[in-house]
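Trainee: coords please:
(chains A, B, C and D)
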Number of protein chains: 2
Amino acid sequence: MAIKERKEREKQEMRNLIIESATRMFLKQGYDKTSIRNIADDIEYSPATIYLYFKDKDEIFYVIHENAFDILDQHLRQHDGIADPVERLDAIGRTYIRFGLENPDYYDLMFIMRAPMEQIKNEEKWKAGECAFGYLLTTLSECLEQKKIRPADLHVTAIQVWSYVHGLVSLYVRERMCILMLPDDATREVLYSSFALFISNLKT
Amino acid sequence: MAIKERKEREKQEMRNLIIESATRMFLKQGYDKTSIRNIADDIEYSPATIYLYFKDKDEIFYVIHENAFDILDQHLRQHDGIADPVERLDAIGRTYIRFGLENPDYYDLMFIMRAPMEQIKNEEKWKAGECAFGYLLTTLSECLEQKKIRPADLHVTAIQVWSYVHGLVSLYVRERMCILMLPDDATREVLYSSFALFISNLKT
DNA sequence: TGCATTTACTAAACAGTGTTTATTATATTT
DNA sequence: AAATATAATAAACACTGTTTAGTAAATGCA
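Mentor: Here you go, the predicted model:
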C-alpha cells in the first residue's frame, strides 16, 4: 500500500505550497494583506481548500513563525566559535539586532504579534523560543562562571539582556524611534552604540 | 450668532461621546472587537454618523492614544519631588513598568500598535511621545551632571533606559515571558528585579 | 472490469469588518 | 413661508476568515 505514503507526501507538498505562497506574500505585503483568498488565488486553488490543510490562518502563520526561528538560530549559532563568552554575547546581541532590522516582518511575527502565541497555548511549549533563549542562557552562564560579567541570578540576567535588545528592535520596528528625530541610518547607529554601552556596563 | 458656538460645542460633545464609548470598549474587549458598528450601537447612532466626526477608525484610536499618554504622564510626574535624580530615575522606571503591567491595552496602543503612528506621520510630530521622552532626558541629564551614572552620550543613555523598560513590558504584554515558565506573579517579580539590576549596573 | 466508497475540491453562503454614497429629515436663514 | 444648509441614516461596496453542502475524481473491493 504505497498509495498511502504517496498521499501523505502529496499532502505535505500542498502544505508546503501554501506556506511558500503565504511566506512570499507576508514578506512582500505584510500580515494583514496576506489573506486566505490572496493565497488561494496565488496557488490557484479555492479558499476552502486551504482549510483542508490548515485549521485556520493562525496555523499557517505559526509555521512561518517557526521557520523564522530556524533562520535566526542559524544566524546566532554562527558565533559558536568565539571562545570568550562575553565577546560571543556581544556578537549574538549585534546579530540579533541586525536580524530584527533587516527582517522586520519576521521579527514582528516572532516577538511582537499575538497570533503565533495563541497557537502555542493550545499546543505544548514555545519550543522555538526556548531554543533561542537556551542559547542565551548557556552563553550567560559561561560569562558568570568565568566572572566576566557582574554576578547576578542567571535568569534575571538573561531577561535583562533579551529585554534590552528586544526593546531596541521593537521600538525601531514599530516606529517609535522617530522620537530621536534622526535619519534612519543614524538611528540604527544609536541602537548599536546603545547596545555596546549596555554590554560594557554589564562587564565586571 | 451664538448658534455657531452651540453647534461647535455639540460637535465636540458628540466627539467625546464617541471617544468615551470607544475607550470603554477598547479597555473591555480590546482593539479588534471595538468596531465602528459596535460603537455606533453603543451610542445609538448609525455607523455612518461616526464618519461625520472622525476621518476613520485610526483617528479615534489616535485620540485614545493621546489620552493614555496624559494618564502615564500624571503617573510619572508624581516623582517630581524626589531630589536625587538616580532615585527619581528608579521610581520613574518602576512606575512605567507598573503602568504597562496594569494597563496592557493602553500600553499596546502607546508603544506597540502601528495604527496611532500612521496618524502621526500625516500630522506633525509625536507630541505625546516627546513629552514623556523629554522627562526622561531631563532626569538623565541631571544624573550625568552629578556624575551619578556612568558617563555616556545623553541620547544613547536615554534610548538604553527606555528600550530596556519597554523590552520588559512589551515581552510581558505580548506573552513572550512565558519562556520563564513561572506563574504570573513570579514573572512580574523577575521584571522588577531585572530592572533593579539594570539601574545598579548604570550607577557609577 | 464494474460498482461502492472514500478522498479532494469548490461554489456559495455566513457573519463579520471599515468606509462611501445617495437620500431623507431636521434646523437655520432669508 | 420658502429656500437653504446641516445632521443623520439606510444601503451598498469591497473586503475579511470560515463553514456547509454538493460535485467530481481516485481508490478499494468483488
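Trainee: Check which residues of the helix or strand hosting residue A:12 are buried.
Mentor: Counting by DSSP states H and E, the element that carries residue A:12 is helix A:2-29. Using 16 or more other CB atoms under 10 Å in any protein chain shown as the burial criterion, the residues of helix A:2-29 that qualify are A:14, A:17-19, A:21-23, A:25-26. C-beta coordinates here come from the backbone N, C-alpha and C atoms, glycine included.
Trainee: Next secondary structure after it?
Mentor: Next along from helix A:2-29, by DSSP H and E: helix A:36-43.
Trainee: pLDDT at residue A:2, what is it?
Mentor: Residue-level confidence at residue A:2 comes out at 68, pLDDT.
Trainee: Including pLDDT and distance to residue B:37, could the buried residues of helix A:2-29 go into JSON lines?
Mentor: Shown next, in JSON lines, are the buried residues of helix A:2-29 (pLDDT from 0 to 100; distance: CB to CB, whole Å):
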{"residue": "A:14", "pLDDT": "97", "distance to residue B:37": "37"}
{"residue": "A:17", "pLDDT": "97", "distance to residue B:37": "36"}
{"residue": "A:18", "pLDDT": "98", "distance to residue B:37": "32"}
{"residue": "A:19", "pLDDT": "98", "distance to residue B:37": "34"}
{"residue": "A:21", "pLDDT": "98", "distance to residue B:37": "32"}
{"residue": "A:22", "pLDDT": "98", "distance to residue B:37": "29"}
{"residue": "A:23", "pLDDT": "98", "distance to residue B:37": "33"}
{"residue": "A:25", "pLDDT": "97", "distance to residue B:37": "28"}
{"residue": "A:26", "pLDDT": "98", "distance to residue B:37": "28"}
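Trainee: out of those residues, which touch DNA strand C?
Mentor: residue A:14 (CB under 7 Å from any atom of the strand).
Trainee: Next, work out how far apart the closest residue to residue A:203 other than its chain neighbours and residue B:79 are.
Mentor: Of all residues not flanking residue A:203 in the chain, residue A:149 sits nearest, at 5.8 Å (CB to CB, 6 or more residues apart in numbering or on different chains). In this view, residue A:149 and residue B:79 are 30 Å apart by CB to CB, to the nearest Å.
Trainee: Which one's more surrounded, the two?
Mentor: Per other CB atoms under 10 Å in any protein chain shown, whichever of residue A:149 and residue B:79 has more neighbours is residue A:149, with 21 against 18.
Trainee: what about that one, distance to residue B:201?
Mentor: Residue A:149 sits 9 Å away from residue B:201, taking CB to CB as the criterion.
Trainee: Common neighbours of those two, please.
Mentor: Taking CB atoms under 8 Å, 6 or more residues apart in numbering or on different chains as the criterion, residue A:149 and residue B:201 both touch residue A:202.
Trainee: Let me see the contact set for the residue nearest the centre of chain A.
Mentor: The centroid of chain A falls nearest to residue A:110 when counting by CA atoms, centre = their mean (3.9 Å). Counting by CB under 8 Å, 6+ apart, residue A:110 touches A:65, A:68-69, A:72, A:116, A:128.
Trainee: what residue ranges in chain A score low on pLDDT?
Mentor: Within chain A, the stretches with pLDDT under 70 are A:1-3.
Trainee: can you list the residues of it near DNA strand C?
Mentor: A:7, A:10-11, A:14, A:45-49, A:52.
Trainee: Which ones among these also lie next to DNA strand D?
Mentor: Answer for the residues of chain A next to DNA strand C near DNA strand D (CB under 7 Å from any atom of the strand): A:7, A:47-48.
Trainee: And those residues, which is closest to residue B:168?
Mentor: residue A:47 (40.4 Å; CB to CB).
Trainee: Which residue ranges of chain A form helices?
Mentor: A:2-29, A:36-43, A:47-50, A:57-77, A:85-102, A:104-107, A:115-122, A:127-145, A:154-173, A:184-202 (DSSP state H).
Trainee: most packed of those helices?
Mentor: Comparing those by mean neighbour count (mean count of other CB atoms under 10 Å in any protein chain shown), helix A:154-173 ranks first with a mean of 24.
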